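Trainee: Okay, sequence plus prediction incoming.
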Amino acid sequence: MHFGKVLIFGVGLIGASFARGLKAAKAADEIIGFGRTPKSLKAAYDLGIIDEVGINPGADVREADLILVATPVGQMPEIFQRIAPYLGAHTIVTDAGSTKGDVVEAARAAFGDKIGQFVPGHPIAGAETSGAAASRADLYQGRKVVLTPLLENAVEDIEKVKRAWELCGADVRILDAETHDRVFAAVSHLPHLLAYALVDEFARRPNADQLFDYAAAGFRDFTRIAASHPEMWRDISLANRTALLAELDRYGAALMRIRQALVNSDGEALASIYANARDARQNWSH
Ligand SMILES: NC(=O)C1=CN([C@@H]2O[C@H](COP(=O)(O)OP(=O)(O)OC[C@H]3O[C@@H](n4cnc5c(N)ncnc54)[C@H](O)[C@@H]3O)[C@@H](O)[C@H]2O)C=CC1
Ligand SMILES: O=C(O)C(=O)Cc1ccc(O)cc1
């Protein structure tokens, strides 16, 4: 599998790591980056991550084999609208957004009867860092990428997107968009929200400096992801708010069970919850 022209909208941690992965596999002739700020694109160019800074998407979109949209999900509707008029007959568009229902809806609105050319995706790899400078050619090595194909997608087009991620070292899985959004609301979006809430609340206290001074490894492990990109997580939270609200309610109920055990000084109830969690965590093989 080899790609001619590859376009990346949003050359940050995820887009730039994809570019680096394809380059390392010698799988693309030319990678052109499009962005919001010329400064970050220039940095990506200077680092050799992209071959060209894109200016006017029209001609490049027409000639592209593959387009990856890797901006915050809130930016995707406008980007899809911008590229839709120029899509070549052979061009495949994919994305790296952390939510899929909203992205698919925006793609349907923009691409209309060309929707079959859009294969939705989500790499389950990343970090609390952002920007092209934090990118790595091996970010996707051994990591999962979830595709949520549409009924309109041709099997060969799904296969091409799958191969592109495999060339970056990924293990590609398939889910439907609704299941995807429910699963990631639980295992990714909720934990980010909890970490943000805890650190925000501490940071606003008068003795915040003292708290952060004494916080140790447990706090560090629980809150690493609170250093993640606020715009990206605002967009994810709003895009997946229905599933996230359901997860918040379940988590709230779990906290209330612990609260009640404390009110009752019920050590048995606490130990039972903690032991169940410890066993599940120890059996989790990541
Ligand atoms: N950071 C992570 O760990 C993961 C992120 N994702 C998803 O990947 C996407 C990108 O995330 P990151 O690379 O981490 O963010 P990032 O902040 O490192 O990169 C995003 C890039 O998009 C650019 N951008 C923003 N608006 C734009 C627009 N309208 N047109 C063109 N470029 C624009 C920004 O200038 C930036 O360079 C998000 O949708 C995120 O939900 C998916 C998996 C993991
Ligand atoms: O920093 C971490 O550990 C993450 O959880 C990275 C991450 C962020 C968003 C995603 O959609 C997928 C993975």
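Mentor: That came in fine, so what should we check first? Ligands and ions are numbered 1, 2, ... in the order given.

Trainee: any idea how the protein splits into domains?
Mentor: Domains of the chain are assigned by automatic domain parsing as 3-175, 179-283.

Trainee: what sits against the residue in the stretch 101-250 of the chain that ligand 1 sits nearest to?
Mentor: Nearest to ligand 1, among the residues of the stretch 101-250 of the chain, is residue 126, at 1.7 Å (C-beta to the nearest ligand atom). For the C-beta atoms, the positions are set from N, CA and C on the backbone; glycine is no exception. When contacts are counted by C-beta atoms under 8 Å, 6 or more residues apart in numbering, residue 126 touches 13-14, 139.

Trainee: tell me the phi and psi of the closest residue to ligand 2 within the stretch 101-250 of the chain?
Mentor: Nearest residue of the stretch 101-250 of the chain to ligand 2, counting by C-beta to the nearest ligand atom: residue 126, 3.5 Å away. For residue 126, the backbone dihedrals are phi 160, psi -160 (criterion: degrees, to the nearest 10).

Trainee: Per-residue pLDDT of it, please?
Mentor: Each residue has a pLDDT score; the one for residue 126 is 89.

Trainee: And it, how close does it get to residue 12?
Mentor: 10 Å (C-beta to C-beta, to the nearest Å).

Trainee: Tell me which of the domains of the chain sits most buried.
Mentor: Ranked by mean neighbour count under mean count of other C-beta atoms under 10 Å, these are led by domain 3-175, which reaches a mean of 20.

Trainee: what's the span of that one, first residue to last?
Mentor: By C-alpha to C-alpha, to the nearest Å, the extent of domain 3-175 from end to end equals 25 Å.

Trainee: what does stretch 165-173 give?
Mentor: Stretch 165-173 end-to-end distance (C-alpha to C-alpha) = 11 Å.

Trainee: Would it count as contacting ligand 1?
Mentor: No. Figure legend: stretch 165-173 not in contact with ligand 1 (C-beta under 6 Å from any ligand atom); closest approach 11.5 Å.

Trainee: and that stretch, what's its mean pLDDT?
Mentor: 98.

Trainee: How about stretch 92-106?
Mentor: For stretch 92-106, the per-residue pLDDT averages 98.

Trainee: now do the same end-to-end measure for it.
Mentor: 16 Å.

Trainee: what about that stretch and ligand 1, any contact?
Mentor: Yes. Stretch 92-106 reaches ligand 1 (C-beta under 6 Å from any ligand atom) through 96-98.

Trainee: could those be laid out in TSV, adding secondary structure?
Mentor: Converted to TSV, the residues of stretch 92-106 next to ligand 1 look like this (DSSP: H, G, I helix; E, B strand; the rest coil):
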residue	secondary structure
96	coil
97	coil
98	coil
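
Trainee: which among the residues you listed gets closest to residue 164?
Mentor: Nearest to residue 164, judged by C-beta to C-beta, of the residues of stretch 92-106 next to ligand 1 is residue 96 at 11.3 Å.

Trainee: check contacts around that closest one.
Mentor: Contacts of residue 96 by C-beta under 8 Å, 6+ apart are 14-15, 18, 68-70, 121-123.

Trainee: Thank you kindly, that will do.
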